[in-house]
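In: predicted model and sequence follow; I will ask about them next.
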Amino acid sequence: MDAYTINDRWAGVPTPPSIQNPPAYRLFELVNIIGGSLIISFSIANSIRNRRLTYGFLFLSTSLICYWMETIGD
């Protein structure tokens, strides 16, 4: 134990290998980014095609603007 872990009650507990190196972490990260980008682009395209702001687009833009408040609030 060093000075940083002397007061840490979890310092001696081993970390499971699945948490140290999660399988397919980058794959899931890429799937989330690609999937989110597709949803955003489809929503924008739908709003342009209909020539009006749909509820889906308004909900998406509001959630994109306010996500940081949810993160800080939690």
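Out: Good, I have the coordinates.
In: what packs against the lengthiest helix in the chain?
Out: Counting residues, the longest helix in the chain under DSSP state H turns out to be helix 25-50. Packing contacts for helix 25-50, counted by 3 or more Cβ pairs under 8 Å, 6 or more residues apart in numbering; DSSP states H and E, involve helix 55-73. Every C-beta, even on glycine, is put in place using the N, C-alpha and C of the backbone.
In: packing partners for the helix it packs on?
Out: Helices and strands in packing contact with helix 55-73 are listed as helix 25-50; criterion 3+ Cβ pairs under 8 Å, 6+ apart.
In: for the helix it packs on, buried residues please.
Out: For helix 25-50, burial by neighbour count (16 or more other Cβ atoms under 10 Å) applies to 43, 47.
In: between the longest helix of the chain and helix 55-73, how many degrees?
Out: Relative orientation of helix 25-50 versus helix 55-73 (axes from the mean of the first three to the mean of the last three Cα atoms, to 10 degrees): 140 degrees.
In: pLDDT of helix 25-50, averaged?
Out: Averaged across helix 25-50, the pLDDT comes to 87.
In: roughly how far out does that helix sit from the chain middle?
Out: 13 Å (Cα atoms, centre = their mean, to the nearest Å).
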